[in-house]
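K.L.:
here you go, sequence then predicted model.
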Amino acid sequence: MTRVIGLISGTSVDGIDAALVDISGTDLDLKVELLAGETYPYPAELRESILAVCAGKAISMAELAQLDDAIALSFTQAAQNIQTSHQPATLIGSHGQTVYHRPPQSQGINQLHSLGYTLQLGRGDLIAYLTSITTVSNFRLADIAIGGHGAPLVPRVDAYLLSHPEEGRCIQNLGGIGNVAYIPPRRDNWLEKMRGWDTGPANSLLDLAVEHLTHGAKTYDEDGKWAASGTFCQPLVEQWLQQDYFYLPPPKSTGRELFGVYYLHQCLKDAEPYQLSPADFLATLTELTATSIVHSYQTFLPQMPQRVFLCGGGSRNLYLKQRLQSLLGTIPVLTTDEVGLSADFKEAIAFAVLAYWRQLGIPGNLPSATGAPHEVLLGEIHPA
């Protein structure tokens with residue numbers, strides 16, 4: 001049994017999710033017990049700096065270094081706080097904070113120029129030093145270096161924790177960006193038949209819209225209540241669904257570079273002729289998220305799942321969940337809580353598992369999800 005801390009802040013930049021877990025086993029015998037889970041909000045000024053960089057603000061190398069240090073310090077504090085009242089961990093898996101993600105380019109003039117690029121801030125070496133705990137970080141780089149997207153990285157963890165011998169399942173994460181892991185029934189060469197990709201926007205556009213509509217007074221729509229009070233505009237949803245990304249075949253990945261503040265401003269402009277109320281606009285953005293997810297399943301899955309399990313912050317958006325259920329018809333839409341894996345902290349748990357695998361020398365990527373040509377060890381180890 002190994003006690004591990006998993007740390008991640010996603011594209012919503014709403015805070016650091018920390019999970020303290022006990023892990024045993026390696027693949028189908030993998031067992032994870034969540035001892036503590038907590039979200040630690042960023043200081044307001046730090047969050048604003050991160051969001052500005054994600055939106056394309058130019059900063060100096062000195063400012064980048066300062067931001068990297070500040071994020072590492074926040075991650076360190078989260079790791080220290082989550083251990084309060086528990087025996088200490090011996091390993092940390094820190095995803096860090098993504099500030100830039102460029103998927104691989106299929107039209108690159110040579111192999112180097114066609115590679116993807118990703119940048120997660122929050123120095124693993126500094127976290128290891130400050131906590132005196134061996135830390136694994138920079139999980140995406142090895143997959144990207146061999147031609148993969150470096151995302152999504154959670155499907156292999158989902159495979160061993162959430163697969164079923166008879167049932168095909170979709171595990172749909174609803175963070176800032178949505179991503180899916182399709183897990184076929186656990187038989188034959190089931191792992192090779194798994195699929196995973198970023199479905200498109202989830203909370204990113206909704207949160208940006210709420211901040212815009214409230215002039216910064218609110219950062220999200222609690223339970224989706226505001227959106228639920230409106231009526232979505234179907235012609236706008238159909239217009240937005242023409243975005244090229246939704247038709248790219250997997251493996252594929254995206255981020256705020258596409259579905260960020262500039263995309264929101266285009267959505268606001270597109271909505272002007274319809275004179276939508278704020279609630280109607282939020283309902284329409286919610287419908288885009290729900291419809292794009294279902295469209296993704298119908299277009300790219302070998303067959304529709306028998307159940308869908310939601311996780312991430314958006315799994316608490318009751319209106320979004322309701323719209324997904326409506327569009328999926330008879331396919332039940334549940335949360336991973338209902339099969340014993342915390343929907344709120346599943347991503348943090350996954351990076352704890354990836355760090356555990358890295359220490360054991362077990363590959364963490366799933367080539368059918370990331371597009372990499374083969375399995376590879378994920379993460380850089382920083383000894384305490």
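P.N.:
Structure received.

K.L.:
any weak-confidence spans in the stretch 1-150 of the chain?
P.N.:
In the prediction, the stretch 1-150 of the chain carries residues with pLDDT under 70 at positions 106-113.

K.L.:
residue 92 touches residue 129, doesn't it?
P.N.:
No - counting by C-beta atoms under 8 Å, residue 92 does not reach residue 129; the two are 11.6 Å apart. The way it works is simple: take the backbone N, C-alpha and C, and place the C-beta from them, glycine included.

K.L.:
these two: who's more crowded?
P.N.:
Ranked by neighbour count (other C-beta atoms under 10 Å), residue 92 and residue 129 place residue 92 first, with 28 against 16.

K.L.:
the helix or strand containing the more buried one pairs with which strands?
P.N.:
Assessed by DSSP states H and E, residue 92 sits inside strand 91-102. Here strand 91-102 is paired, per DSSP bridges, with strand 2-9 (parallel), strand 117-121 (antiparallel), strand 134-137 (parallel).

K.L.:
hang on, residue 310 in a strand?
P.N.:
Yes - assignment of residue 310 by DSSP: H, G, I helix; E, B strand; the rest coil places it within a strand.

K.L.:
tell me what it is bridged to.
P.N.:
On the basis of DSSP bridges, residue 310 is bridged to residue 172, residue 335.

K.L.:
surely it and residue 335 touch.
P.N.:
Yes - the pair residue 310 / residue 335 is scored as a contact, 5.0 Å apart, by C-beta under 8 Å.

K.L.:
what is in contact with these two at once?
P.N.:
Residues within reach of residue 310 and of residue 335 at once, by C-beta atoms under 8 Å, 6 or more residues apart in numbering, are residue 343.

K.L.:
higher neighbour count, those two?
P.N.:
For residue 310 versus residue 335, the count of surrounding residues by other C-beta under 10 Å is larger for residue 310: 27 against 21.

K.L.:
pretty sure residue 338 is in contact with residue 309, am I right?
P.N.:
Yes - with contact defined as C-beta under 8 Å, residue 338 counts as touching residue 309 (7.4 Å).

K.L.:
and those two? which has more neighbours close in?
P.N.:
residue 309 (26 against 12).

K.L.:
state the distance from that one to residue 191.
P.N.:
Going from residue 309 to residue 191 by C-beta to C-beta, to the nearest Å gives 18 Å.

K.L.:
residue 233 too?
P.N.:
Residue 233 sits 42 Å away from residue 191, going by C-beta to C-beta.

K.L.:
residue 266 now?
P.N.:
Plainly put, residue 266 is 39 Å away from residue 191 if you go by C-beta to C-beta.

K.L.:
could you check which of those two is surrounded by more residues?
P.N.:
More crowded of residue 266 and residue 191, by other C-beta under 10 Å: residue 191, with 18 against 12.

K.L.:
what's the nearest residue to that one if we skip its chain neighbours?
P.N.:
In space, and not counting its chain neighbours, residue 191 is closest to residue 159: 6.1 Å by C-beta to C-beta, 6 or more residues apart in numbering.

K.L.:
rewinding a little: closest to residue 24 out of the strands paired with strand 91-102?
P.N.:
strand 2-9 (7.3 Å; C-beta to C-beta).

K.L.:
return the distance of the strand holding residue 92 from the chain's centre.
P.N.:
Mean-position distance between strand 91-102 and its chain equals 11 Å (C-alpha atoms, centre = their mean, to the nearest Å).

K.L.:
now swap in stretch 256-271 and tell me
P.N.:
With C-alpha atoms, centre = their mean, you get 20 Å for stretch 256-271.

K.L.:
give me the mean pLDDT for that stretch.
P.N.:
Stretch 256-271 carries an average pLDDT of 95.

K.L.:
mind listing what's buried along that stretch?
P.N.:
256, 258, 259, 260, 261, 263, 264, 267, 271 (16 or more other C-beta atoms under 10 Å).

K.L.:
out of these, which is nearest to residue 358?
P.N.:
Proximity of the buried residues of stretch 256-271 to residue 358, judged by C-beta to C-beta, is greatest for residue 256, which lies at 26.8 Å.

K.L.:
for that closest one, what are phi and psi?
P.N.:
Residue 256 adopts backbone torsions of phi -70, psi -20, taken as degrees, to the nearest 10.

K.L.:
ok, the nearest residue to it once chain neighbours are set aside - contacts?
P.N.:
Nearest in space to residue 256, with sequence neighbours left out and distances taken as C-beta to C-beta, 6+ apart, is residue 54 at 4.8 Å. By C-beta under 8 Å, 6+ apart, the contact set of residue 54 is 11, 13, 98, 99, 100, 256, 260.
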